[in-house]
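Enquirer: Have a look; sequence and predicted model below, questions after that.
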Amino acid sequence: MLMQKNQAFEHAEMTNETIYAGRSLSALFLSSAMESISAGRAICWEGDEAKHLFQVVEGVVRLYRIVGEGRRVITAFCFAGDLIGASLQRDFLFTAEAVTECRIRRVSRKSFHDEVARSDALHTAYISLLCQETAAAHEQMVLLSKKNAEERLCSFIAKLVSRRNPQERQSLLRVPMNRQDIADHLGLTIETVSRTLTKLASRNVVVPEGRHDLRIVNRALLKQLSGDADDFSEKSCHRVSLH
């Protein structure tokens with residue numbers, strides 16, 4: 001998730017100090033009790049007052065909104081180390097729901113912002129997270145408005161690949177969400193997702209193995225088919241890890 005440099009975001013650029021601060025944000029959650037969330041259970045609801053922030057410790061969480069006649073739009077997936085609720089809105093703009101069995105920690109919004117206000121390093125890391133959310137929203141707008149089904153799905157798979165440890169070279173990719181989740185995130189039907197996966201398999205790009213695994217056969221072609229010139233490395237997306 002890349003953003004063009006400009007003065008408004010100069011302080012959010014990745015430095016060693018920012019990386020350290022980003023990691024230390026997780027320390028604000030360590031005094032909170034660990035909570036286990038079963039798959040399908042909501043952590044917070046769209047429209048509720050945003051009294052807490054959440055950190056995903058284990059598992060995957062989907063953020064979604066309901067539009068029109070009950071249609072679900074998944075705006076993002078959160079993984080271990082990600083923070084939910086960083087934006088400054090008074091109410092949650094989404095429902096956060098566990099995709100898999102999850103473990104989370106929560107802190108009150110007031111205590112979180114009080115701690116961030118006391119530390120320049122934490123403040124810089126927090127601004128970086130807000131910039132990251134803005135960049136992700138811009139990228140999703142491009143994906144939904146300009147990319148075709150194949151480009152959308154390849155972009156999604158490539159991002160999942162990029163989240164893995166760079167030292168991991170296994171070709172098998174675990175995809176924790178189901179095809180309906182993927183469809184609701186990419187603005188496609190589940191039938192289109194299935195057809196596109198079959199097409200990619202026939203071209204030896206990715207091959208489904210079971211319900212939740214994809215074998216990455218040709219990573220270079222996968223990136224090419226995503227329609228993005230830039231790679232999906234951790235360095236390129238200026239990601240600040242909260243692990």
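Expert: Everything's here; your move.
Enquirer: what ranges do the helices span in this protein?
Expert: Ranges of helices within the chain are 16-25, 109-118, 120-146, 149-163, 179-186, 190-202, 219-225, based on DSSP state H.
Enquirer: could you dump the shortest one to CSV, C-alpha only?
Expert: In other words, helix 219-225. Extracted in CSV, the C-alpha atoms of helix 219-225 (Å, rounded to 0.1, in the frame of the first residue of the first chain):
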residue,chain,number,x,y,z
ARG,A,219,4.4,-15.6,-8.2
ALA,A,220,5.8,-13.3,-10.8
LEU,A,221,2.8,-13.8,-13.1
LEU,A,222,0.5,-13.4,-10.1
LYS,A,223,1.9,-10.0,-9.5
GLN,A,224,1.8,-9.1,-13.2
LEU,A,225,-1.9,-10.1,-13.4
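Enquirer: Let me know the average pLDDT across that helix.
Expert: Mean pLDDT, helix 219-225: 95.
Enquirer: For it, buried residues please.
Expert: Residues of helix 219-225 classed as buried by neighbour count (16 or more other CB atoms under 10 Å): 219, 221-223, 225. Yep, even glycine has a C-beta here, placed from its N, CA and C like the rest.
Enquirer: Any stretches of this protein with poor pLDDT?
Expert: 1-23, 165-169, 229-243 (pLDDT under 70).
Enquirer: mind running it again at 90?
Expert: Low-confidence segments of the chain (pLDDT under 90): 1-27, 68-70, 86-90, 120-121, 123-125, 128-139, 162-171, 210-211, 227-243.
Enquirer: what's the distance between residue 172 and residue 115?
Expert: 40 Å (CB to CB, to the nearest Å).
Enquirer: Looking at those two, which one has more neighbours?
Expert: Higher neighbour count among residue 172 and residue 115: residue 115, with 16 against 11, using other CB atoms under 10 Å.
Enquirer: for that one, what are its contacts?
Expert: Applying CB atoms under 8 Å, 6 or more residues apart in numbering, we find residue 115 in contact with 28, 122.
Enquirer: how far away is it from residue 129?
Expert: In terms of CB to CB, residue 115 sits 14 Å off from residue 129.
Enquirer: Using JSON lines, lay out the helices of the chain together with distance to residue 44.
Expert: Listed next are those as JSON lines, based on distance: least, CB to CB, whole Å:
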{"stretch": "helix 16-25", "distance to residue 44": "19"}
{"stretch": "helix 109-118", "distance to residue 44": "12"}
{"stretch": "helix 120-146", "distance to residue 44": "16"}
{"stretch": "helix 149-163", "distance to residue 44": "23"}
{"stretch": "helix 179-186", "distance to residue 44": "18"}
{"stretch": "helix 190-202", "distance to residue 44": "26"}
{"stretch": "helix 219-225", "distance to residue 44": "34"}
